[in-house]
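Novice: using only what follows, build the 3D model:
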Amino acid sequence: MADIARPVIPWVGGKEKLAPYITQVFPPGIKQYLEPFGGSGAVLLSMPSCPGRLDIYNDLNTELSNLFLCVKERSNALLRELGFLPIHSREVFEFYRDFAAHKEVTLRNIREELRVLDEPACFSPEQAAELVRELKALGYGVYLLSNAKEDLPEYFPLIPGSECFDDGIISARWKLLKPQPEIYQTLLREYGLRAEECFFVDDLNINVEAAMLTGMSGTVFRGAGELRRSLREAGIPVSGGDSA
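Specialist: Prediction:
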């Protein structure tokens with residue numbers, strides 16, 4: 001049996017030891033998995049990574065839900081709060097440096113993550129900023145449609161290229177989520193956009209399909225080079241795209 005991810009904390013009623021047996025009765029090709037009473041997330045974490053599957057963690061305990069949000073979205077800040085940062089070990093520092101640069105690292109779980117994502121899909125902030133600025137220079141509008149908390153704009157100064165956003169829809173403000181049709185319709189309505197003139201990019205196929213049902217064109221993000229090629233095929237004259 002392949003190794004599985006371990007819960008970040010122990011939890012009363014946790015199903016870590018039962019998880020391999022529970023997942024055996026799941027139907028193949030699951031497109032969406034919801035944990036209504038997440039707890040330690042043992043079953044969710046035991047599931048093999050699957051690009052295109054939407055995994056949702058939920059728990060009545062808001063502190064627990066916040067912990068999982070921090071693990072996913074604010075991992076470095078969490079490491080700092082736990083006292084693991086700043087890094088005083090040269091070996092650990094070099095590991096994080098190589099990981100940030102998408103270099104080969106030795107830990108099995110990191111290699112597995114890079115394999116699942118297919119290394120060209122490691123889209124650095126600098127690559128994203130370069131593409132966004134190029135689109136703005138070509139005269140295109142750039143709008144954000146994000147499943148995120150209301151305070152997301154507070155972090156824009158830390159995101160290269162975010163100064164180019166014309167505006168956007170933050171899900172928490174509108175009480176909507178991708179892939180609900182209403183969130184795409186809200187984007188179009190609020191900013192006077194025509195669906196047939198919009199190109200939507202997301203890393204989840206289900207979200208792209210929902211956008212296309214509203215009349216947009218789009219693509220699933222699988223790497224910087226492939227995204228540039230998809231944009232050019234849609235008639236958007238960005239440069240590059242021959243390599244990721």
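
Novice: and the next helix or strand past the helix or strand of the chain with the lowest mean pLDDT?
Specialist: In the chain, no helix or strand scores lower on mean pLDDT, DSSP states H and E than helix 108-117, which sits at a mean of 47. Sequence order places helix 125-137 as the next helix or strand after helix 108-117, per DSSP states H and E.

Novice: so where's the chain shaky on pLDDT?
Specialist: Counting by pLDDT under 70, the chain contains low-confidence residues at 1-5, 76, 84-124, 241-244.

Novice: let's go with 90 and repeat that
Specialist: Along the chain, the parts satisfying pLDDT under 90 run over 1-129, 147-161, 172, 203-204, 221-226, 240-244.

Novice: with adjacent residues omitted, what lies nearest to the residue nearest to the spatial centre of it?
Specialist: By CA atoms, centre = their mean, the chain has its centre lying nearest to Asp203, at 6.5 Å. Spatial nearest neighbour of Asp203, excluding adjacent residues (CB to CB, 6 or more residues apart in numbering): Phe221 at 4.7 Å. For glycine as for every other residue, the C-beta is placed from the backbone atoms N, C-alpha and C.

Novice: next up, phi/psi of the one you found, please.
Specialist: Torsion angles at Phe221 (phi, psi; degrees, to the nearest 10) stand at phi -70, psi 120.

Novice: surely it and Leu227 touch.
Specialist: Yes. Counting by CB atoms under 8 Å, Phe221 touches Leu227, with 5.8 Å between them.

Novice: the two: which has the busier surroundings?
Specialist: More crowded of Phe221 and Leu227, by other CB atoms under 10 Å: Leu227, with 23 against 16.

Novice: tell me the spacing between the more buried one and Ile30.
Specialist: 26 Å (CB to CB, to the nearest Å).

Novice: what of Glu182?
Specialist: For Glu182, the distance to Ile30 - CB to CB - is 24 Å.

Novice: quick check on Glu73: phi, psi?
Specialist: Note on Glu73: its backbone torsions stand at phi -100, psi -30 [degrees, to the nearest 10].

Novice: cool, thanks, signing off.
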